[in-house]
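1. show me how the following folds:
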Amino acid sequence: MRLHCEVEVVSRHLPTLGLRNRGKGARAVVSLCQLRPPERGERAGPHSACLLISTVKDKRGTRYQLKENIEQFFTKFVDEGKATVRLKEPPVDICLSKANSSSLKGFLSAVRLAHRGCDVNTSLSTLIPVKTSEFEKFKTKMVITCKKQYPLSKNFPYSLEHLQTSYCGLVRFDTRMLSLKNLVKLDLSHNHIKNLPATIGDLIQLQELDLSDNCLESFSVAFCQSTLQKSLRRLDLSKNKIKALPLQFSQLQELNDLKIDDNELIQLPFKIGQLKNLRFLSAARNKLPVLPSEFKNLSLEYLDLFGNTFEQPKALPIIKLQVPLSLLELSARTILYNRIPYAFHVIPFHLCQDLDTAKTCICGRFCLQSFIQGTATMNLHSVAHTVVLVDNMGGTEAPITSYFCSLSCYVNSSDMFK
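-> Just a heads-up that it's a prediction; the model follows:
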């Protein structure tokens, strides 16, 4: 019985000696083997079972006795292909990672039986060096650039960390990719994909996603609320048909590089300023008339807004002040100003939506339905170190929406408007 994974053997004596482990696993084949071949009439059993860890550099491997020699199993992250087996002698922790979760569960069950001295309901491997071909199963990168190369009758290697399937004519997301738990980079560019599955968050390690040159017309809210909030760093949505990104897009807090060029965007995400880690933003050749008010909270290294249909700032503001303020407005402002937690199981769902879309006044306070809306001109160098010219005239300015919670806030900032 064999398991393909990454293995790190950590000695528990290292900390007492003031040493650290290198903290990096190696590709390995972990085998449940017989210590010795059974004698005539004897059945191979757990009393002769051992754990054999073989690597490319050490194909003969290192053996570890199993019977009554396991101190503890750590299986909290077994669904992610991770587990640790703590041995008594020698005092080491065998850390397994990047394994197929179902294979790992079956392997650990067999190891547990061998430790208890029970019969192992599987065939035990022999103590022979692992062939080099065994390690070729650890394929971490696959690049497919035509339909003929695309696998139809077999699954993708579970160990993949980088998968590219471009120019394959895909019209939908291949759900077999969702089982690739180690996937870090996924390139689906130059296809005809229209929608993303709601379960795409199953790719818990995904850091880079390229969906450029497809047929996306909208972007999934489920995507923004998935585990990708904590992993996704680079997203390319250029050359699609997207008109707007959802409000929840700002929940992708680790996003560093966003490309949304050549779409049909009529607005940027309302809360885009909450993307604190965003450093590279390219939204050229869209239909943006104005930037959202929170755009000024960004801190970018590179910004490209060339070719958008920016409008001239309006001379007169839109006044929606309420005197006196409604109870709803007062309550909403209090909740947001004092950062009181709220959720749809506490207050009605539509009220949660109202709070999520509240406007931020230049004074830092919030407003819901009572506000003054104006448009000002913003120099894009105030939010980005490098700015691509907005138009062929050499401009680096763009209109931005501003909100004021009261007349006094508007009057005090009237010099912003012409």
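
2. from Ser11, how far off is Ile260?
-> Ile260 sits 49 Å away from Ser11, going by Cβ to Cβ, to the nearest Å. In this view, the C-beta of every residue, glycine as well, is placed from N, C-alpha and C.

3. same check, this time on Leu211
-> 45 Å.

4. before we move on, what about Phe344?
-> 50 Å.

5. do a quick rundown of the helices in the chain.
-> Secondary structure of the chain by DSSP state H: the helices cover 101-116, 132-135, 221-224, 327-337, 349-356, 407-412.

6. make TSV out of the ones you listed and add mean pLDDT.
-> Compiled in TSV, the helices of the chain are given as follows (pLDDT from 0 to 100):
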stretch	mean pLDDT
helix 101-116	88
helix 132-135	65
helix 221-224	90
helix 327-337	92
helix 349-356	88
helix 407-412	87
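
7. so can I have TSV of the ones you listed showing distance to Gln65 and mean neighbour count?
-> Formatted as TSV, those follow (distance: least, Cβ to Cβ, whole Å; neighbours: other Cβ atoms under 10 Å):
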stretch	distance to Gln65	mean neighbour count
helix 101-116	10	18
helix 132-135	23	12
helix 221-224	48	18
helix 327-337	61	15
helix 349-356	58	14
helix 407-412	74	15
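
8. Lys148 is nearest to which of the ones you listed?
-> Taking Cβ to Cβ, helix 132-135 is the member of these nearest to Lys148, at 24.9 Å.

9. would you mind measuring from the nearest residue to Cys361 once chain neighbours are set aside to Ser250?
-> Closest residue to Cys361 apart from its sequence neighbours, by Cβ to Cβ, 6 or more residues apart in numbering: Cys405 at 3.9 Å. Noted for Cys405: a distance of 21 Å to Ser250, by Cβ to Cβ.

10. which one's more surrounded, Ile260 and Ser11?
-> Legend: neighbour count by other Cβ atoms under 10 Å for Ile260 and Ser11, higher for Ile260 (24 against 14).

11. would you confirm that the more buried one contacts Lys287?
-> No - judged on Cβ atoms under 8 Å, Ile260 makes no contact with Lys287 at a distance of 11.9 Å.

12. Leu247 and Asp356: what is the separation?
-> 6 Å.

13. and for those two, which residues touch both?
-> Residues touching both Leu247 and Asp356 (Cβ atoms under 8 Å, 6 or more residues apart in numbering) are Lys271.

14. for the stretch 151-300 of the chain, which segments count as strands?
-> In the stretch 151-300 of the chain, the segments counted as strands under DSSP state E, counting those that start in this stretch are 162-165, 185-187, 208-210, 234-236, 257-259, 280-282, 300-304.

15. list the buried residues of the longest one.
-> For strand 300-304, the neighbour count (16 or more other Cβ atoms under 10 Å) marks 300, 303-304 as buried.

16. can you list the low-confidence ranges for the stretch 51-200 of the chain?
-> Scanning the stretch 51-200 of the chain for pLDDT under 70 picks out the ranges 120-127, 132-137.

17. number of residues surrounding the residue lying closest to Arg172 once chain neighbours are set aside?
-> Excluding the flanking residues, the one nearest Arg172 by Cβ to Cβ, 6+ apart is Ile193, at 6.3 Å. Around Ile193 sit 18 other residues, with neighbours defined as other Cβ under 10 Å.

18. and Ile193, what is it in contact with?
-> Ile193 sits next to 170-173, 211, 214-216 when contact means Cβ under 8 Å, 6+ apart.

19. could you work out the most separated pair of those residues?
-> Applying Cβ to Cβ across the contacts of Ile193, the maximum distance is between Val171 and Leu211, 13.5 Å.

20. so if I had to pick from these two, which one is more boxed in?
-> Neighbour count, other Cβ under 10 Å: between Val171 and Leu211, Leu211 has more, with 23 against 12.

21. quick check: pLDDT value at that one.
-> The per-residue pLDDT reported for Leu211 equals 96.

22. that one touches Arg234, doesn't it?
-> No - taking Cβ under 8 Å as the definition, Leu211 is not a contact partner of Arg234, at 11.3 Å.

23. what are the ranges of the strands in the stretch 1-150 of the chain?
-> Going by DSSP E, counting those that start in this stretch, the stretch 1-150 of the chain shows strands at 2-11, 26-34, 49-55, 62-65, 70-74, 83-87, 92-97, 141-144.

24. can these go into JSON lines with extra columns for distance to Pro157?
-> JSON lines is the format used below for the strands of the stretch 1-150 of the chain (distance: least, Cβ to Cβ, whole Å):
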{"stretch": "strand 2-11", "distance to Pro157": "10"}
{"stretch": "strand 26-34", "distance to Pro157": "13"}
{"stretch": "strand 49-55", "distance to Pro157": "19"}
{"stretch": "strand 62-65", "distance to Pro157": "26"}
{"stretch": "strand 70-74", "distance to Pro157": "26"}
{"stretch": "strand 83-87", "distance to Pro157": "20"}
{"stretch": "strand 92-97", "distance to Pro157": "16"}
{"stretch": "strand 141-144", "distance to Pro157": "7"}
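
25. these: which one's closest to Leu163?
-> That would be, of the strands of the stretch 1-150 of the chain and by Cβ to Cβ, strand 141-144, which comes in at 5.4 Å.

26. partner strands of that closest one, with direction?
-> Here strand 141-144 has these sheet partners by DSSP bridges: strand 162-165 (parallel).

27. contacts only, for the nearest residue to Gln248 once chain neighbours are set aside.
-> Closest residue in space to Gln248, ignoring its immediate chain neighbours: Cys224 at 3.9 Å, by Cβ to Cβ, 6+ apart. By Cβ under 8 Å, 6+ apart, Cys224 lies in contact with 246, 248-249, 251-252.

28. one more: Pro91?
-> Contacts of Pro91 (Cβ under 8 Å, 6+ apart): 11-13.

29. now it: how far from Ser11?
-> Taking Cβ to Cβ, one finds Pro91 at 7 Å from Ser11.
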